[in-house]
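A.B. asks: sequence and predicted structure are below.
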Amino acid sequence: MIVALSGGIGGAKLALGLSRILPPGELIVVANVGDDFEHLGLAISPDIDTLTYTLAGLDNPELGWGRRDESWAFMETLAALGGASWFRLGDRDLALHALRTERLRAGEKLSAITADIAARLGIVAQIVPATDDTLRTQLLTGEGWMDFQPWFVGRRAAPAVRALRYVGAESAVPAPGVAEAIARADAVVICPSNPFISIEPILAVAGIRRALELTRARVIAVTPIIAGRAVKGPTAKMMEELGMPPTASAVAQRYGTLIDVFIADAADAGTLDGLACEVRFAPTLMTTLAEKEALARCVLRAAEQR
């Protein structure tokens, strides 16, 4: 069994590769919930939804987020009426948010709702939120503390980041089965997601970090940085603003003793000397399904070889 810790787009690509080469039921994806927020009265879980749509074959390859074959009548009408249209919600996507919100208000847990939706969409992997408790990523900028989505989407990640905090993490507990899955996993994979806003909110849940520290499984991290640049998103920008070089080596050092193996792109060969963990190289840019599967196989080989 493989447990993968994942944010949205980059992590979902590797999760898809893993899901296609592993037998059904052998992949558990632990999803970041630090990006979750309430918008227009709806409970939005962007990373869970990206993983769900990707593993169900419903993702939008043109936008990189949301559902494919989407329409936008709701957003067009909302904007015409003067509503908050900075966070785009497609007409098909709205159904998922409305259903999640209704069920949460009825007292169901996010993990149960997520599992049910995944099953209805034919997903054989398990998608589990890191926690059912409220956990929210906030960023300290020159304008003060900002919630994640207004910073990331509303301001297009423009305000420089000075620090981060994960509100609610101090009291959050892992969602049911997460810590146990890490304890009995054959390998744990940290997907190529932004360390600060996708992976560290998961690690901020003490029970998850502790499970990683104690697991006998190999913990394998895949770089989100290639030759000093992020494939997508603000990872490199954030690293510079937080006073660290935007390099694969810096990402590996950030994870420190939690990881046993770090997989970097061949473009960074010769730049990762001196790390305490084992280093392997592979093509990590995943633009095709074949490339996603190839990287997944590399990850599994790293899990098997000691």
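C.D. replies: Cool, the structure landed.

A.B. asks: can you show me the helices along the stretch 51-200 of the chain?
C.D. replies: Assigned by DSSP state H, counting those that start in this stretch, the helices in the stretch 51-200 of the chain fall at 73-80, 91-105, 110-120, 148-149, 178-184, 200-203.

A.B. asks: for the stretch 151-300 of the chain, give me the ranges with low pLDDT.
C.D. replies: By pLDDT under 70, the stretch 151-300 of the chain contains no weakly predicted segment.

A.B. asks: contact partners for the closest residue to residue 193 other than its chain neighbours?
C.D. replies: Nearest residue to residue 193 in three dimensions, chain neighbours excluded: residue 7, at 3.4 Å (CB to CB, 6 or more residues apart in numbering). In short, each C-beta sits where N, CA and C put it, glycine included. Residue 7 makes contact with 31, 32, 35, 47, 191, 193, 194, 197, 198, 199, according to CB atoms under 8 Å, 6 or more residues apart in numbering.

A.B. asks: how about the helices of the stretch 51-200 of the chain in JSON lines, adding mean neighbour count?
C.D. replies: What follows is those, written out as JSON lines (neighbours: other CB atoms under 10 Å):
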{"stretch": "helix 73-80", "mean neighbour count": "13"}
{"stretch": "helix 91-105", "mean neighbour count": "16"}
{"stretch": "helix 110-120", "mean neighbour count": "18"}
{"stretch": "helix 148-149", "mean neighbour count": "20"}
{"stretch": "helix 178-184", "mean neighbour count": "18"}
{"stretch": "helix 200-203", "mean neighbour count": "24"}
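
A.B. asks: got a pLDDT number for the residue nearest to residue 193?
C.D. replies: Looking at residue 7, its pLDDT is 94.

A.B. asks: distance of it relative to residue 232?
C.D. replies: Noted for residue 7: a distance of 11 Å to residue 232, by CB to CB, to the nearest Å.

A.B. asks: look up how far residue 80 lies from residue 208.
C.D. replies: Residue 208 is 44 Å from residue 80, by CB to CB.

A.B. asks: again but with residue 12, I slipped
C.D. replies: Plainly put, residue 12 is 33 Å away from residue 80 if you go by CB to CB.

A.B. asks: not counting its neighbours along the chain, what's nearest residue 230?
C.D. replies: residue 236 (4.5 Å).

A.B. asks: count the residues that sit near that neighbour.
C.D. replies: If you count neighbours by other CB atoms under 10 Å, residue 236 ends up with 19.

A.B. asks: for it, what are its contacts?
C.D. replies: By CB under 8 Å, 6+ apart, the contact set of residue 236 is 225, 228, 229, 230, 246.

A.B. asks: what helices or strands is the host helix or strand of residue 294 leaning on?
C.D. replies: Per DSSP states H and E: residue 294 is located in helix 289-304. Contact partners of helix 289-304 among helices and strands, from 3 or more CB pairs under 8 Å, 6 or more residues apart in numbering; DSSP states H and E: helix 9-21, strand 187-190, strand 218-222, strand 261-264, strand 278-281.

A.B. asks: can you list the residues that contact the fourth one?
C.D. replies: Okay, so that is strand 261-264. By CB under 8 Å, 6+ apart, strand 261-264 touches 218-223, 248, 251-252, 255, 271-272, 275, 277-282, 284, 295, 298-299, 302.

A.B. asks: next one: the longest one
C.D. replies: Where contact means CB under 8 Å, 6+ apart, the residues beyond helix 9-21 that reach it are 2, 4-6, 27, 29, 47, 50-51, 54-55, 59, 64-65, 123-125, 189, 191-194, 198, 222, 224, 231-233, 286, 289, 291-297, 299-300.

A.B. asks: quick one: residue 111 from residue 284, how far?
C.D. replies: Relative to residue 284, and taking CB to CB, residue 111 is found at 30 Å.

A.B. asks: list the contacts for the closest residue to residue 242 other than its chain neighbours?
C.D. replies: Sequence neighbours aside, residue 161 is the residue nearest to residue 242 in space, at 6.4 Å (criterion: CB to CB, 6+ apart). Listed by CB under 8 Å, 6+ apart, the contact partners of residue 161 are 139, 140, 141, 196, 238, 241, 242.

A.B. asks: dump these to TSV, plus neighbour count.
C.D. replies: Output for the contacts of residue 161, formatted as TSV (neighbours: other CB under 10 Å):
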residue	neighbour count
139	25
140	15
141	17
196	21
238	21
241	17
242	15
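
A.B. asks: could you find the closest non-adjacent residue to residue 240?
C.D. replies: residue 246 (5.6 Å).

A.B. asks: any idea whether that neighbour is helix, strand or coil?
C.D. replies: coil (DSSP: H, G, I helix; E, B strand; the rest coil).

A.B. asks: lovely, talk soon.
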